[in-house]
Structures are given as C-alpha cells and as structure tokens.
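Asks: Have a look at this fold, sequence not included:
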C-alpha cells in the first residue's frame, strides 16, 4: 500500500507543472553519447512521448555525430575537427544529409510512434536558412560546408504542434543558392526555440549540468541567471565544452524563452525529473528579471 501511495505523491507533485506547461512548446536538443545507448535513447523518447500525452508540445532537434562518423569510416572518409566543429567537404555533407535525414531522423520518429506518439520528420534544409561559417572566435577558418543559422521558417513546425504531432528536426540548413550546410545541433535548437517562442529549451548533455567543480559531479548548480553566468565564465568555472551551450542558453533567454535546462541524458527519465519535480536534477537558466 505504501508503494501505491508514494506513486500518488509523485503524480500530485507533477500536477502543477503539467498544468503550467500544458499547451506550451518545449524544444529538446537530443544528441551526445546518450543517443548512442539504445536503452537511454528509448527512455528519453518515451519521456518525450509522455510529455506530448499530457498536453505539452515537444519539438526535437537531434544530432547524430557517432552515426555520421561510422558512415564516414565505411566510406573511407576520415573525420576532421577544428575547435569541436566537424570539417565538412562536399562528399561529407552529402553523407551527413543522408544519415541525418534518412536514417537517424526516421529511427527517432519510428520510436516515438511505438510509444503512442504522433511524430513527423522535418528536414532542416526545408526550414532552416543558413550561411557558411567563415570565422570562429574572430579568426578566419575553413570548415567546408559548415553553416550557421540565418533564419527559420516556423510555419511547418507550428503546423505540426497545432496537429499534436511532435516535429523531429535535423540540424541542416540551406543557403539562397541551394547549398546544404551541416549546423551545430545546439545552435539549431537555440534558433528554433527563439523563433517559435518556446517556453523551455532543454539540452540533453553528457554531464549533470553546470558544475562548480568540474571534478565533483555533486557540485551541480541548480539555477543560474545571466549575471551569475558572467561571473562564472570570468572565474573560469564555465569553460570549454559547456561554454557553447551556455551561450546558446543566454541567446534563447534573450529571444524570449522562459527557461533553459541542461541535464544529463544518461540518467533514466532525467527529462521528466527535471521538468515535473520540485527539485529537478540539472541546471536551469533563467532571466535575471
């Protein structure tokens, strides 16, 4: 009987959050090593299906780096990275487009459907406008066909949400001349969250959140404002791999997103624990105001 009562307590704790977020869009960036673990991946997508079931409107923007690397190896292409960004030549960008649009995206949609959700794949080049990345950190760099988002057509995304369909979007874009570019999935998710006026943006990460001590996973900072983030960057607490996510989070907040979450995608049901419980398990970033 106690177990049953405990389950009821969990539902009662979740109820005000379900009521608050019902009908609101939540953009989820799905990628990293959590995507490579079949059990983790299925758990995350089950959580997203649950979110849709209780009236939240999830939007998935997904990566697929490991799958791309495997296909490149099969094709005899060696991956090259500059400052964490994949160098993408003409042959590689065709392979990236094939893997993301026609393999990874399809698998995610099919998994959501098995959990009872309605989902549709949206190919990035059809909705994301892009331009070639020619500089990084103030220095000229040649990454090949790597792009940055210059605009997003929100209409297909909003049409899916209005029809209670989960949009599953690939981080690819197209320029005015029709050239396709590979785009960082964090950046794509940030841009999409701003354009559709999402209530939340969630980064599923390989770390628990923002840590005060990178060597101590228990030093997680549960909530941060922009002012606090500036100090942590200045003090060197936020650096390297976490910095792009934090910068994306601040951009999303500036664009009107109410909260950004960074959570560990390896923890089973981390998405539900962060969104539907009082304490949460990751780091939330909120507007100073």
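Replies: Looks like it came in fine. What you are looking at is a predicted structure, and each value in this text was computed from that prediction instead of being measured. Numbers count the residues shown, from 1 in each chain.
Asks: Helices of the stretch 1-150 of the chain, residue ranges please.
Replies: 2-21, 38-53, 65-74, 90-99, 105-114, 124-127 (DSSP state H, counting those that start in this stretch).
Asks: Name the residues that touch the fourth one?
Replies: Judged by C-beta atoms under 8 Å, 6 or more residues apart in numbering, the contacts made with helix 90-99 from elsewhere in the structure are 64, 67-68, 71-72, 75, 77, 86, 88, 125, 144-145, 172, 180-182. For the C-beta atoms, the positions are set from N, CA and C on the backbone; glycine is no exception.
Asks: picking that back up, got a markdown table for the helices of the stretch 1-150 of the chain, with mean pLDDT and mean neighbour count too?
Replies: A markdown table is the format used below for these (pLDDT from 0 to 100; neighbours: other C-beta atoms under 10 Å):
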| stretch | mean pLDDT | mean neighbour count |
| --- | --- | --- |
| helix 2-21 | 78 | 11 |
| helix 38-53 | 92 | 19 |
| helix 65-74 | 87 | 16 |
| helix 90-99 | 93 | 17 |
| helix 105-114 | 96 | 18 |
| helix 124-127 | 97 | 21 |
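Asks: what would the ones you listed look like in JSON lines with distance to residue 267?
Replies: Output for those, formatted as JSON lines (distance: least, C-beta to C-beta, whole Å):
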{"stretch": "helix 2-21", "distance to residue 267": "16"}
{"stretch": "helix 38-53", "distance to residue 267": "9"}
{"stretch": "helix 65-74", "distance to residue 267": "20"}
{"stretch": "helix 90-99", "distance to residue 267": "27"}
{"stretch": "helix 105-114", "distance to residue 267": "19"}
{"stretch": "helix 124-127", "distance to residue 267": "28"}
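Asks: Could you list the low-confidence segments of the stretch 151-289 of the chain?
Replies: 289 (pLDDT under 70).
Asks: residue ranges of the helices in it, please?
Replies: 155-162, 185-195, 226-234, 242-254, 270-276.
Asks: Most tightly packed of those helices?
Replies: Mean neighbour count (mean count of other C-beta atoms under 10 Å) peaks for helix 185-195 among the helices of the stretch 151-289 of the chain, with a mean of 26.
Asks: report the angle between the axes of that helix and helix 155-162?
Replies: 70 degrees (axes from the mean of the first three to the mean of the last three C-alpha atoms, to 10 degrees).
Asks: helices and strands around helix 185-195, which ones?
Replies: Under the contact criterion of 3 or more C-beta pairs under 8 Å, 6 or more residues apart in numbering; DSSP states H and E, helix 185-195 touches strand 25-30, strand 57-62, strand 128-132, strand 146-152, strand 200-205, helix 242-254.
Asks: can you do 7 Å?
Replies: Judged by 3 or more C-beta pairs under 7 Å, 6 or more residues apart in numbering; DSSP states H and E, helix 185-195 is in contact with strand 25-30, strand 57-62, strand 146-152, strand 200-205, helix 242-254.
Asks: Redo the helices of the stretch 151-289 of the chain as TSV? Include distance to residue 12.
Replies: Formatted as TSV, these follow (distance: least, C-beta to C-beta, whole Å):
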stretch	distance to residue 12
helix 155-162	28
helix 185-195	30
helix 226-234	32
helix 242-254	30
helix 270-276	11
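Asks: Which one of those helices lies nearest to residue 47?
Replies: With C-beta to C-beta, the closest approach to residue 47 among the helices of the stretch 151-289 of the chain belongs to helix 270-276: 4.2 Å.
Asks: contacting residues around that closest one?
Replies: With contact meaning C-beta atoms under 7 Å, 6 or more residues apart in numbering, helix 270-276 is reached by 14, 17-18, 44, 47-48, 50, 202, 261, 263-264, 280-282.
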